[in-house]
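Participant: Would you be able to build a 3D model of this:
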Amino acid sequence: MNLEDIKCIGILGAGVMGGGIGQCAVLAGKNVIIRDLTDEILENSKDVILNSRFGFNNAVEMGKMTEDERDAAMSRLSFTTDVADLKDCDMIIEAIGGGEDGAIENKPLKLKVWEEMDQVVKDEAVFASNTSMFTIADLAAVTNRKDRFIGMHLFSPANIMKLVEVTHTEDTTDDITQLIVDMSKSWGKTPIVLKDVPGDTGFIGNRIMAAVRREAEKLVAEGVGTRQDVNLAMTLGFRWPAGPYPDGPNARSGWK
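Facilitator: The predicted structure follows:
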């Protein structure tokens, strides 16, 4: 399978990630169907795609795209609450967030959804998860298409950030991995190809940032420095664009 074989992409989840991924795909000329649970969620997603800071209308105002380009992109985008509408998609990208417990991602829910989609979507379709944490092989195991299941992790906002972590399992075929690499490049992204590992430890970006945050918390807890000190050490000392802590009143240094 190659990039030209992907005519229609179904996206599971109409949140910030799902909408951003949809923007990337329609701008690259693909038809996209975004699915979520309610019409209200879908209407909000459409509004974000059009009117948010990184939306199409703002891009038109800034001269980054024309009104005709915006209208053409939106004509390739549709929304649904019915999973059956995704049955003929050539590719499904899952961008489902967390649950009521506040977790960013919900693995049991993802497993349930992938098992359902495997029964609904045509057999030759490719499945890709945008998970930033969970082992791809675990998600693929509930389907009958382990050879066509892959990780495609975009960073938020998906239509702006350039990196894509393409994570293949032992079962993922080389042509599917190449497909996601080619698709990422067609969206203006820079893909890196990673090997899937067990343990739900995340991929390169999240594993390194998790270690950074753990050490930063230890430094603050030990009284070595404040949150702002940690941020300044990394931004000024190591030229990071941002430190591990968000700005806020708790980040103030004790020194004037």
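
Participant: was I right about residue 79 contacting residue 34?
Facilitator: Yes. Judged on C-beta atoms under 8 Å, residue 79 makes contact with residue 34 at a distance of 5.1 Å. In short, each C-beta sits where N, CA and C put it, glycine included.

Participant: Now do the shared contacts for those two.
Facilitator: 14, 42, 45 (C-beta atoms under 8 Å, 6 or more residues apart in numbering).

Participant: Which ones among those residues lie within helices?
Facilitator: Judged by DSSP state H, the shared contacts of residue 79 and residue 34 include 42, 45 as members of helices.

Participant: related to what we said a few turns ago, specify which residue of residue 79 and residue 34 has the higher count of neighbours.
Facilitator: Just comparing residue 79 and residue 34: by other C-beta atoms under 10 Å the higher neighbour count belongs to residue 34, 28 against 21.

Participant: by contact count, what packs against the helix or strand where that one lies?
Facilitator: Using DSSP states H and E, residue 34 sits in strand 31-35. Here strand 31-35 touches strand 8-12, helix 16-27, strand 77-80, going by 3 or more C-beta pairs under 8 Å, 6 or more residues apart in numbering; DSSP states H and E.

Participant: Adjacent strands (with direction) for the helix or strand following the last one?
Facilitator: Using DSSP H and E, the helix or strand that directly follows strand 77-80 along the chain is strand 91-94. Partner strands for strand 91-94, per DSSP bridges, with pairing direction: strand 8-12 (parallel), strand 126-129 (parallel).

Participant: Convert the C-alpha atoms of the shortest one to CSV, please.
Facilitator: Presented in CSV, the C-alpha positions along strand 126-129 are these (Å, rounded to 0.1, in the frame of the first residue of the first chain):
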residue,chain,number,x,y,z
VAL,A,126,-4.6,0.7,7.9
PHE,A,127,-5.0,1.4,11.6
ALA,A,128,-2.8,4.0,13.3
SER,A,129,-2.9,5.2,16.9
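
Participant: and it, how far out from the chain's middle?
Facilitator: With C-alpha atoms, centre = their mean, to the nearest Å as the basis, strand 126-129 stands 12 Å off its chain's centre.

Participant: Give me the contacts around it.
Facilitator: With contact meaning C-beta under 8 Å, 6+ apart, strand 126-129 is reached by 1, 6, 90-94, 110, 114, 117-118, 121, 136, 139-140, 143, 145, 148-153, 176, 179-180.

Participant: mind redoing it with 7 Å?
Facilitator: Outside of strand 126-129, the residues that reach it under the criterion C-beta atoms under 7 Å, 6 or more residues apart in numbering are 1, 91-94, 110, 114, 136, 139, 143, 145, 148-152, 176, 179-180.

Participant: Narrow the residues you listed to just the buried residues.
Facilitator: For the contacts of strand 126-129, a burial check counting by 16 or more other C-beta atoms under 10 Å picks out 1, 91-94, 110, 114, 136, 139, 143, 145, 148-152, 176, 179-180.

Participant: contacting residues around the nearest residue to residue 44 once chain neighbours are set aside?
Facilitator: With C-beta to C-beta, 6 or more residues apart in numbering as the criterion, residue 44 has its nearest non-adjacent residue at 7.5 Å, and that residue is residue 14. If you count contacts by C-beta under 7 Å, 6+ apart, residue 14 has them with 34, 36, 41-42, 45.
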